[in-house]
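Novice: show me the folded form of this:
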Amino acid sequence: MIKPTDIKALEGFRIWVRFSDGVEGEVDLSHLRKLGGVFESWDERAAFENTRISESGNYLWVGELDLCPDPLYQEITGITIPEAEIRSRQQMTHA
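Specialist: Below you'll find the model as predicted:
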């Protein structure tokens, strides 16, 4: 099962993420900040930088704001995590 393994806050509202299958990349989250509401906490740089991976595998920020990793994986790779897992199983059975 593909899970996030690392996350780092970058300049602006960008993050760098790595997944257990070796996929890594940067994702711009500025569109979320523009939504306001719970994302306003990111106006304090320390709040945005204080991110981690929760026990459930979501990206977590102060105030228990969390994001599912699946859309971020898809933004980086162009495929969903379930699609990547299926491809990986198929490659293993054809190897």
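Novice: for stretch 8-21, buried residues please.
Specialist: For stretch 8-21, burial by neighbour count (16 or more other CB atoms under 10 Å) applies to 9, 13, 15, 17, 19, 21. Yep, even glycine has a C-beta here, placed from its N, CA and C like the rest.
Novice: so which of these comes closest to Cys68?
Specialist: Using CB to CB, Val17 is the member of the buried residues of stretch 8-21 that lies nearest Cys68, at 12.0 Å.
Novice: surely that closest one forms part of a strand?
Specialist: Yes - secondary structure of Val17, determined by DSSP: H, G, I helix; E, B strand; the rest coil: located in a strand.
Novice: longest single helix anywhere in the protein?
Specialist: As far as residue count goes, and with DSSP state H defining each element, the longest helix of the chain is helix 81-94.
Novice: other SSEs contacting it?
Specialist: Using 3 or more CB pairs under 8 Å, 6 or more residues apart in numbering; DSSP states H and E as the contact criterion, the elements in contact with helix 81-94 are helix 70-77.
Novice: ok, the spatially most central residue of the chain - contacts?
Specialist: Closest to where the C-alpha atoms of the chain average out (CA atoms, centre = their mean) is Pro69, at 4.0 Å. By CB atoms under 8 Å, 6 or more residues apart in numbering, the contact set of Pro69 is 3-4, 17, 19, 57-59, 81.
Novice: what subset of those is buried?
Specialist: Under a neighbour-count criterion of 16+ other CB under 10 Å, the subset of those counted as buried comprises 4, 17, 19, 57, 59, 81.
Novice: fine, thanks again, bye for now.
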